[in-house]
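# Quick check, what structure comes out for this input:
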Amino acid sequence: MTVQDIRAFNRFYTNVIGALDYSRHLYAPYTLTESRVLYELAHSPRTDAADLRSELSLDSGYLSRILNKFEQDGLIERTPSREDPRRRRVTLTARGHETAALLAERADESVGALLAAVPPADRPRLSEAMRTVRTILSDGRPARREDVVLREPGPGDLGWIVQRNAALYAAEYGFNADYEGLVARIVADFAEDHDPHLERVWIAEIDGRPVGCVMCVRDETPDTARLRLLLVEPDARGLGIGDRLVAAVVDFARGVGYRELVLWTNDVLTAARHVYRRHGFVLATEKEHRSFGKDLVGQDWRLDLQGTGE
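Below is the predicted model:
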């Protein structure tokens, strides 16, 4: 293989996905880079301008012009960071979330149309070829924090949440099939009836492979949201994925107007409890119970979303 072979492939692929004329390709007034910035703002808790610049490897002046355009279009708000007033926190407005969702929907439709032209028998071969390219060009290096992407679930992801929760909790805590049944009911309720403006699922992904998940759903009272089914695969731990998933739920719940975020867990989940505490959750109640074939101590945790915590 030569340099020219790779450049020829790059030219071919950018034409296939419409990268050179992305705005017309998606019938939207935003370029590929602008759409990527919107995507990061919609899916990552790292909404600091400096973090965006680092994560996307963008020139500071170029990113500033993009954010100025977004602000003029009413897509973002910029305020001093509560943690460091010298830094600027960037958050999507309601219009920004709608625009990001619309661009994602059109991108999915575009890729879906491309995939529809591929015979079903060839799709596994295409998927494997894509994985091969990513694996070879990454040179076998371990995953880094910046390799983690948070995204909305696609077909099969909800089933993956049930399967991985059941398998991991059986392996790590000895939970029986009762736990799988509980998770299946939670996921089925979300799939069958949820408000996309007030409820959401996030999938953490590395190189196209799901490695974590979390849900935000409405609780019994209208102004309260509930965090559910936080999970990170063992081989992906240590990359801050749990932190990012919880931060995504907190930011989303606060952004859509919930006053309180609650969750239920068990005291054996030590690592998860440390994450919740870092994000400002406070232990409200504890109660011993027998569930999933184990004697456990259940815990209710609460976070006041009207407070000053990030």
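# Surely E40 is in contact with L52?
Yes. If you go by CB atoms under 8 Å, E40 and L52 touch, sitting 6.1 Å apart. For glycine as for every other residue, the C-beta is placed from the backbone atoms N, C-alpha and C.
# so who does the nearest residue to L75 once chain neighbours are set aside touch?
Nearest residue to L75 in three dimensions, chain neighbours excluded: G96, at 3.7 Å (CB to CB, 6 or more residues apart in numbering). Each residue near G96 by CB atoms under 8 Å, 6 or more residues apart in numbering is listed here: 38, 41-42, 70, 74-76.
# What segments of the stretch 51-200 of the chain are helices?
Using DSSP state H, counting those that start in this stretch, the helices of the stretch 51-200 of the chain run over 60-72, 94-116, 123-137, 157-173, 177-192.
# nearest to S81, of these?
Judged by CB to CB, the one of those that comes nearest to S81 is helix 60-72, at 14.6 Å.
# on contacts alone, who are the packing partners of that closest one?
Judged by 3 or more CB pairs under 8 Å, 6 or more residues apart in numbering; DSSP states H and E, the packing partners of helix 60-72 are helix 32-43, helix 49-56, strand 76-80.
# give me the low-pLDDT residue ranges for this structure?
Applying pLDDT under 70 to the chain picks out residues 44-47, 82-84, 139-141, 307-310.
# Q306 belongs to a strand?
No. Going by DSSP: H, G, I helix; E, B strand; the rest coil, the assignment for Q306 is coil, not a strand.
# thinking it is in contact with G257, fair?
No. At 10.1 Å, Q306 does not count as touching G257 under the criterion of CB under 8 Å.
# And these two? Which one has more around it.
Set Q306 next to G257 and count neighbours by other CB atoms under 10 Å: G257 wins out with 13 against 10.
# For that one, what is the enclosing helix or strand?
Following DSSP states H and E, there is no helix or strand that holds G257.
# Just give the closest residue to it, not the sequence neighbours.
Using CB to CB, 6+ apart and skipping residues adjacent in sequence, the residue nearest G257 is D223, 7.7 Å away.
# and the one you found, how many neighbours?
Neighbours of D223 using other CB under 10 Å come to 12.
# Assumed L229 was part of a strand.
Yes. Looking at L229 with three-state DSSP, it is inside a strand.
# Next up, the contacts around it.
L229 neighbours (CB under 8 Å, 6+ apart): 161, 165, 183, 186-187, 213-215.
# So which of the residues you listed is the closest to V249?
Nearest to V249, judged by CB to CB, of these is V214 at 5.7 Å.
# which non-adjacent residue is nearest the residue positioned nearest the centre of the chain?
Nearest to the geometric centre of the chain sits L150, at 2.5 Å (CA atoms, centre = their mean). Spatially, and ignoring its direct neighbours in sequence, L150 is nearest to H43 (4.5 Å; CB to CB, 6+ apart).
# Can you tell me how far the one you found is from E71?
20 Å (CB to CB, to the nearest Å).
# count of neighbours near the residue nearest to D147 when sequence neighbours are not counted?
In space, and not counting its chain neighbours, D147 is closest to I206: 5.2 Å by CB to CB, 6+ apart. I206: 18 surrounding residues under other CB under 10 Å.
# Is I206 bridged to anything, and to what?
I206 has these beta-bridge partners by DSSP bridges: V148, R209.
# any idea how far T221 is from V262?
T221 sits 10 Å away from V262, going by CB to CB.
# Looking at those two, which is more packed in?
Between T221 and V262, counted using other CB under 10 Å, V262 has the larger neighbour count: 19 against 11.
# Now do the buried residues in the host helix or strand of Y276.
Secondary structure assigned from DSSP H and E places Y276 in helix 270-278. Of all the residues in helix 270-278, those buried under the rule 16 or more other CB atoms under 10 Å are 272-273, 275-276.
# repeat for stretch 167-186
Neighbour counts over stretch 167-186 (16+ other CB under 10 Å) mark 169-170, 175, 179-180, 182-184, 186 as buried.
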